[in-house]
Structures are given as C-alpha cells and as structure tokens.
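1. give me the fold of what follows.
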Amino acid sequence: MSRFSCFPSLAGLALAAVLGGCAMTPTAGTAPSRLDTVQKSTTLRVCSPGDYKPFAFQQADAPFEGIDVDLVTAFAGSLGAKPVWVKTTWANLLPDLVADKCDIAVGGVSVTTERQKRAFFSAPYMVNGKTPIARCTDVAKYQTVAAIDQPQTRVIFNPGGSNERFARANFKRAKMTMHGENVTIFDEILANRADVFVTESAEAITQQRLKPGLCAINPEKPLQYGEMGWMLPRDDVAFKAYVDQWLHLSQASGDMQRVMDRWLK
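-> Next up is the predicted model:
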C-alpha cells in the first residue's frame, strides 16, 4: 500500500491546498502538524513579550490585550481552542518558538529575513514602517535619519528586536542608550532623559495619543518599510497554510479592520 494518500484532517486539507493535490500522511517518526495537535489539545500556546501597544500588552496581573490578542483569540476559536499566553522577551521570542515553548509568536512582530532563517512568517497583515517619536517641540529637528544621527541627539532603543537593529544600523554618531523596558521607554523622552525613539508607526501613533507631549514624526512616511506578521514554526506547511487563509478571510470579511479600528482609532 502506498504511504501517500489524501486525508481528511485540517492539516491535510491545508497542505493539499499548498501542494495542489494529495498530501503526504504523517509516517512513523514524523511530527504531526500543529493544526491537528492544537485541535486535539484545544489549546493554542502563544508567545508574546506583552509590552507593545497596540498589538499585545499586559498590565501587571491582568490579561493580555491588543490587536493581536483579539485576532489570535478568534483564530484559536476557529480551531476549537483557547489561547494560553506565554510571556517572553523580544530577545527570547524566536528562541522560545524554536524550542517549542509555543505554537505561534505574536505581538507586533516585524517580518525580517534574519528571523525567517529560523521560522516561518504568516502572510503580512499590516504595513508598519519605522517611525521616530520625540517631544512635540522637537519634531522639526528629527525629520530624517541624518538629522537624528547627530552627536547631540540622545537616541534610546529597546533590546532584542528590529528596533535595536534599526538603531544600531543607522545611528553612528548619536548618543545611544539601551532601555530594557519597552513600557517605560516613552517616559524617558518625556522626562528629557532621551530625545528620540524609532519604532513602528502604529506604536508611535498609539503612544502619542497616550502620552501628551510626544509626537509621532511623519508616520505616514516611515524611515524604513516594514511589515507585521505572526511568527510560526518552520517547516509546518499545513499550519502556515491555515493561518494564512484565516488571516485572508478575516481581512476580506472586514473582521480584521474592525479590530484595527478598535485599537488604532
């Protein structure tokens, strides 16, 4: 009997959609797709730093909330599962996913080729480039990378993610300060202990609303193009196919836009 056949599980259907025909059934020693294990366990393990408004944020002793939280909760529901949030850091987000501490990683994750060497990404659900945020009185001073990269400018950044990579790659003359808490990094600018932080435009827009005195600088014209996606275990083609299709249908139905409007407007 052939070891190749069509099979009716969601994992098989998703993989067949990718391959355009019959999918290969798991054989002895082959790890099952998370598409099936999540349904069986009724639990979706979700890694997130939980410090990034408006995507995923957790106050002390409170549930996670934000764009990705609402979307992932609905996504898990489509599999008959509930999300279980695994708190991590930006530096450990990818290692934790690779170590199978979670099934998916979310929370405002930028799609990068470095991350994609070790993980899959979902189809991007938002274009969200790098944008400076500064005191509103200083907006005119920090219009470009060159204008920011001056010896007198105090650039602050959070460790372990694309914000740190952007800062280190683009600012060679400015005074650089690493700040370990993304939640309080904006207060450092308000308190005049730093001048500029470069982050994704959605976060810059959110924080200017939450922190009077701070202004996102040209968020409609980011300093660098960027996309947001969900990070997925590498080589689980069936799971990625299902995630991508779910995101596509969420966008097409308007459900995703309603979530975006709730948090961005």
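2. for the rest of this, base every contact and every neighbour count on C-alpha atoms.
-> OK.
3. low-confidence ranges, this structure, go.
-> Across the chain, the ranges flagged by pLDDT under 70 are 1-30.
4. mind listing the helices for it?
-> Under the criterion DSSP state H, the chain contains helices at 10-19, 34-41, 67-78, 93-98, 113-116, 145-148, 162-170, 185-190, 201-210, 237-253, 255-264.
5. using PDB, write out every CA atom in the last one.
-> As requested, C-alpha coordinates have been extracted for helix 255-264 and formatted as PDB (Å, rounded to 0.1, in the frame of the first residue of the first chain):
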ATOM      1  CA  ASP A 255     -13.400  41.500  10.800                       C
ATOM      2  CA  MET A 256      -9.700  42.400  11.000                       C
ATOM      3  CA  GLN A 257     -10.500  46.000  10.100                       C
ATOM      4  CA  ARG A 258     -13.000  46.200  13.000                       C
ATOM      5  CA  VAL A 259     -10.300  45.000  15.400                       C
ATOM      6  CA  MET A 260      -7.800  47.500  13.900                       C
ATOM      7  CA  ASP A 261     -10.300  50.300  14.300                       C
ATOM      8  CA  ARG A 262     -11.000  49.400  17.900                       C
ATOM      9  CA  TRP A 263      -7.300  49.800  18.900                       C
ATOM     10  CA  LEU A 264      -6.000  52.400  16.400                       C
END
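6. dump the helices of the chain into CSV; add mean neighbour count as well.
-> Written out in CSV, the entries for these read as follows (neighbours: other Cα atoms under 10 Å):
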stretch, mean neighbour count
helix 10-19, 20
helix 34-41, 17
helix 67-78, 19
helix 93-98, 20
helix 113-116, 12
helix 145-148, 16
helix 162-170, 16
helix 185-190, 18
helix 201-210, 20
helix 237-253, 18
helix 255-264, 15
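7. for the residue most central in space within the chain, give me its contacts.
-> Nearest to the centroid of the C-alpha atoms of the chain, with distances taken as Cα atoms, centre = their mean, sits Val109, at 2.0 Å. The contact partners of Val109, taken as Cα atoms under 8 Å, 6 or more residues apart in numbering, are 228-231.
8. inside strands: which ones of those?
-> 228, 231 (DSSP state E).
9. and the furthest pair within the contacts of Val109?
-> For those, the maximum inter-member distance is 9.5 Å, found between Met228 and Met231 (Cα to Cα).
10. so those two - more neighbours on which side?
-> When neighbours are counted by other Cα atoms under 10 Å, Met228 and Met231 differ, and Met231 comes out ahead with 27 against 22.
11. rewinding a little: reformat the helices of the chain as CSV; add distance to Val86.
-> Conversion of the helices of the chain to CSV gives the following (distance: least, Cα to Cα, whole Å):
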stretch, distance to Val86
helix 10-19, 24
helix 34-41, 15
helix 67-78, 12
helix 93-98, 9
helix 113-116, 19
helix 145-148, 35
helix 162-170, 20
helix 185-190, 23
helix 201-210, 22
helix 237-253, 19
helix 255-264, 22
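12. ok, which of these comes nearest Pro219?
-> Distance to Pro219, taken as Cα to Cα, is lowest for helix 201-210 among the helices of the chain, at 5.2 Å.
13. can I have the closest one written out in PDB, keeping just the CAs?
-> What follows is helix 201-210, C-alpha atoms only, in PDB (Å, rounded to 0.1, in the frame of the first residue of the first chain):
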ATOM      1  CA  SER A 201       4.400  53.700  13.100                       C
ATOM      2  CA  ALA A 202       1.400  52.000  14.800                       C
ATOM      3  CA  GLU A 203       3.100  52.100  18.200                       C
ATOM      4  CA  ALA A 204       4.300  55.700  17.600                       C
ATOM      5  CA  ILE A 205       0.700  56.800  16.800                       C
ATOM      6  CA  THR A 206      -0.700  54.900  19.800                       C
ATOM      7  CA  GLN A 207       1.800  56.400  22.200                       C
ATOM      8  CA  GLN A 208       1.300  60.000  21.000                       C
ATOM      9  CA  ARG A 209      -2.300  59.500  22.000                       C
ATOM     10  CA  LEU A 210      -1.500  58.000  25.400                       C
END
